[in-house]
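[1] Below are the sequence and a predicted model for it; my questions follow.
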Amino acid sequence: MQFQLQYTDPKSNARAGLITTDHGTIETPIFMPVGTAGTVKAVHQREINDDIKAQIILGNTYHLYLRPGLDILEKAGGLHKFNGWNKPILTDSGGFQVFSLSENRKLTEEGCIFRSHIDGSKHMFTPENIVDIQRTIGADIIMALDECTPGTADYNYAKRSLERTMRWLDRGLKHFDETEAKYGYSQTFFPIVQGCTYKDLRMKAAEDIAKKEREGNAIGGLAVGEPAEVMYEMIEVVNEILPKDKPRYLMGVGTPINILEGIERGIDMFDCVMPTRNGRNGLLFTQNGTMNMRNKKWADDFSPLDPDGTSYVDSFYSKAYVRHLFVANEILALQIASIHNLAFYLWLVKEARKHIIEGTFSSWKDSMVRKLNVRL
């Protein structure tokens, strides 16, 4: 993988760049739709490619490992061939899913022992086998095994957790460098900066990871219960240290405003389930604010979903019709809302890139944040 830093905003740390992988190029800043179990929920690959115009999607190691399982994925020739997506894929290591299974997992120096949410069967992730699992899945960018601590963790716990995560990182990097990709194209390994909400821990993690000189770096353990202002502070602390000539990936974040604030602070890559999950629950993001499509106010509003639309569904379907679909519990509502929200997120980062290149990002971002705060 290669990264070319192309432009930097004159009034902020916002950047525009180009990531090149064996499955294609990615213009940054970029948002990655989340395809947890090998699919972006309720959306066809054609729509992700042609209508949403995604450049990279994310898969989840924990879920893919459990189902369909590694044997099926290897027989298929990897996730690209299994799900028919021929552009880049990133897989996370399952660390966040394991964190969320706090009642059904045990952390040791060796790794993480957990029970499947599907059938209760017992499994173990280690820094080494998580590399092997992601080698088999076949993503272009794979992640280190880490522990994602809650945003409310006390200092001593966060410190012990980070120290173990960094020992895991050394083991994972060694194993990655000693193994080969399976399907004839290269893979890239990203370390993850942890450290909860403690500035000194984040700085120490970022300094140690910067010394690893990998092709890209991730920031994890944010948007997990801490205030947004604290998250932004941690991003600033870490990005002052992580190398500027490598892409920075903020994991699992977030709202459209979070993304703009992250871009302003030098983040290049984002992913989050919010556009699809909120869409399935009737919340649409637009250029003028958010809409709850179950509200009665839309019952006889025959205007487009978003007058300045970012996807074909915005002009094809009216607010009244989409509200009717939600009230009637029609599956089409989930598909329309998911396509709309994902297209909006991809439009947002594309516009951010355009304004970074033009040198107008800061003023544009401030005006967008004001609009995005509105509840329509």
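    Done, it's in.
[2] all contacts plus neighbour counts: C-alpha atoms, from now on.
    Will do.
[3] Show me what counts as buried in the longest helix along the chain.
    The residue-count maximum for a helix in the chain (DSSP state H) belongs to helix 331-358. Neighbour-count burial for helix 331-358, with 16 or more other Cα atoms under 10 Å as criterion, is recorded at 333-353, 355-357.
[4] Tell me, how many residues neighbour Gly289?
    17 (other Cα atoms under 10 Å).
[5] you'd agree it is up against Val369?
    No. Here Gly289 lies out of contact with Val369, judged by Cα atoms under 8 Å, at a distance of 9.3 Å.
[6] So which residues of the stretch 101-250 of the chain form strands?
    Secondary structure of the stretch 101-250 of the chain, counting by DSSP state E, counting those that start in this stretch: strands at 105-107, 112-115, 122-125, 141-143, 188-190, 192-193, 217-219, 248-250.
[7] Using TSV, lay out the ones you listed together with distance to Phe361, mean neighbour count and mean pLDDT.
    Shown next, in TSV, are the strands of the stretch 101-250 of the chain (distance: least, Cα to Cα, whole Å; neighbours: other Cα atoms under 10 Å; pLDDT from 0 to 100):
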stretch	distance to Phe361	mean neighbour count	mean pLDDT
strand 105-107	43	17	85
strand 112-115	42	18	90
strand 122-125	42	15	94
strand 141-143	28	24	98
strand 188-190	28	21	98
strand 192-193	27	28	98
strand 217-219	23	24	98
strand 248-250	19	25	98
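[8] Put together JSON lines for those strands, with distance to Ser93 on each row.
    Below are the strands of the stretch 101-250 of the chain laid out as JSON lines (distance: least, Cα to Cα, whole Å):
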{"stretch": "strand 105-107", "distance to Ser93": "15"}
{"stretch": "strand 112-115", "distance to Ser93": "12"}
{"stretch": "strand 122-125", "distance to Ser93": "9"}
{"stretch": "strand 141-143", "distance to Ser93": "5"}
{"stretch": "strand 188-190", "distance to Ser93": "10"}
{"stretch": "strand 192-193", "distance to Ser93": "10"}
{"stretch": "strand 217-219", "distance to Ser93": "12"}
{"stretch": "strand 248-250", "distance to Ser93": "14"}
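[9] These: which one's closest to Phe3?
    The closest of the strands of the stretch 101-250 of the chain to Phe3 is strand 248-250. By Cα to Cα, the value is 10.5 Å.
[10] domains of this protein?
    2-272, 280-376 (automatic domain parsing).
[11] Straight-line length of stretch 274-292, end to end?
    Taking Cα to Cα, to the nearest Å, stretch 274-292 runs 14 Å from one end to the other.
[12] For stretch 66-81, what is the distance to the chain centroid?
    22 Å (Cα atoms, centre = their mean, to the nearest Å).
[13] what's next to that stretch, contact-wise?
    37-38, 64, 82, 85-87, 89, 116, 133, 136-139, 183 (Cα atoms under 8 Å, 6 or more residues apart in numbering).
[14] again, only this time at 10 Å
    Residues outside stretch 66-81 that contact it (Cα atoms under 10 Å, 6 or more residues apart in numbering) are 23, 37-38, 59, 61-65, 82-83, 85-89, 116-119, 121, 123, 132-140, 182-183.
[15] swap in stretch 98-111?
    With Cα under 10 Å, 6+ apart as the criterion, stretch 98-111 contacts 62, 94-95, 112-117, 120, 122-130, 145-150, 161, 164-165, 167-168.
[16] got the CA positions of that stretch in PDB?
    Taking C-alpha atoms only, stretch 98-111 is exported to PDB below (Å, rounded to 0.1, in the frame of the first residue of the first chain):
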ATOM      1  CA  VAL A  98     -14.700  -8.700  22.000                       C
ATOM      2  CA  PHE A  99     -14.900  -5.600  24.100                       C
ATOM      3  CA  SER A 100     -18.700  -5.500  23.700                       C
ATOM      4  CA  LEU A 101     -18.900  -9.200  24.800                       C
ATOM      5  CA  SER A 102     -17.700  -8.300  28.300                       C
ATOM      6  CA  GLU A 103     -19.900 -10.900  29.900                       C
ATOM      7  CA  ASN A 104     -18.600 -13.700  27.600                       C
ATOM      8  CA  ARG A 105     -14.900 -13.100  27.300                       C
ATOM      9  CA  LYS A 106     -11.600 -13.300  29.300                       C
ATOM     10  CA  LEU A 107      -8.400 -11.400  28.500                       C
ATOM     11  CA  THR A 108      -5.100 -13.000  29.100                       C
ATOM     12  CA  GLU A 109      -1.500 -12.300  28.100                       C
ATOM     13  CA  GLU A 110      -1.800 -14.900  25.400                       C
ATOM     14  CA  GLY A 111      -5.000 -13.400  23.900                       C
END
